[in-house]
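Student: here is the input, now give the coordinates:
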Amino acid sequence: MAILEKISDYLNQIFIWIAGCFLAAMIILTCANIFLRTVWQPIIGTFELMGYLGAVLTAFALGYTQVRRGHIAVDIVILGFSKKTQNILNGINCFICMVFFAIVSWQIAKYATILLKTGEVTETLRIIYYPFTYGVALGCAALSLVFLTEFLKSVLPREEDEK
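Tutor: Numbering: from 1, shown residues only. From the prediction side, this is the model:
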């Protein structure tokens, strides 16, 4: 269990650094586009690049945000239950989310494979975009892994519970 959690944390740490680099690239691209638009002509394909980089950035940040509990959670109803019931409900939620994002990852990867086989490219810059699609699938898979570790934590007995 601890090994799986370490792998998940390490993977999401790498993904958040990559997402940060993509965000920095998006900021630089946006600023350069604004500057060049005023003095000469805008950068061609900025809109395309922003969309694809933003998709991968968002997908890569999902798992890290879940590990850090950065997503919005409405728990007003759950707080009224006992700690044991809260753990059971949290386990059910983690399991459902894990399955959902595993299916999402699988379907996006399937779509990316279709894009790879057909050789589709973006309209303006003619960039192959299946790598971006695989990136989104990878980010969703990492989120599913986080939910798996959280589910296992809620199901498996803890050391402090055994003492």
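Student: what separation do you get for T38 and F95?
Tutor: Noted for T38: a distance of 52 Å to F95, by CB to CB, to the nearest Å. The C-beta positions use only the backbone N, C-alpha and C, and glycine is treated the same way.
Student: oh sorry, the question was meant for A24
Tutor: Distance from A24 to F95, by CB to CB: 36 Å.
Student: more neighbours: these two, which one.
Tutor: Using other CB atoms under 10 Å, the more surrounded residue of A24 and F95 is F95, with 17 against 10.
Student: that one: which element?
Tutor: helix 83-118 (DSSP states H and E).
Student: quick check: closest non-adjacent residue to T46.
Tutor: N33 (4.6 Å; CB to CB, 6 or more residues apart in numbering).
Student: I meant to write L116 there.
Tutor: Y130 (4.4 Å).
Student: wait, the one you found sits on L115?
Tutor: Yes. Contact criterion CB atoms under 8 Å: Y130 and L115 qualify, at 4.0 Å.
Student: give me the helices and strands touching the helix holding F95, please.
Tutor: Other elements packing on helix 83-118 under the criterion 3 or more CB pairs under 8 Å, 6 or more residues apart in numbering; DSSP states H and E are helix 130-155.
Student: any idea of the mean pLDDT in the helix it packs on?
Tutor: Averaging pLDDT along helix 130-155 yields 95.
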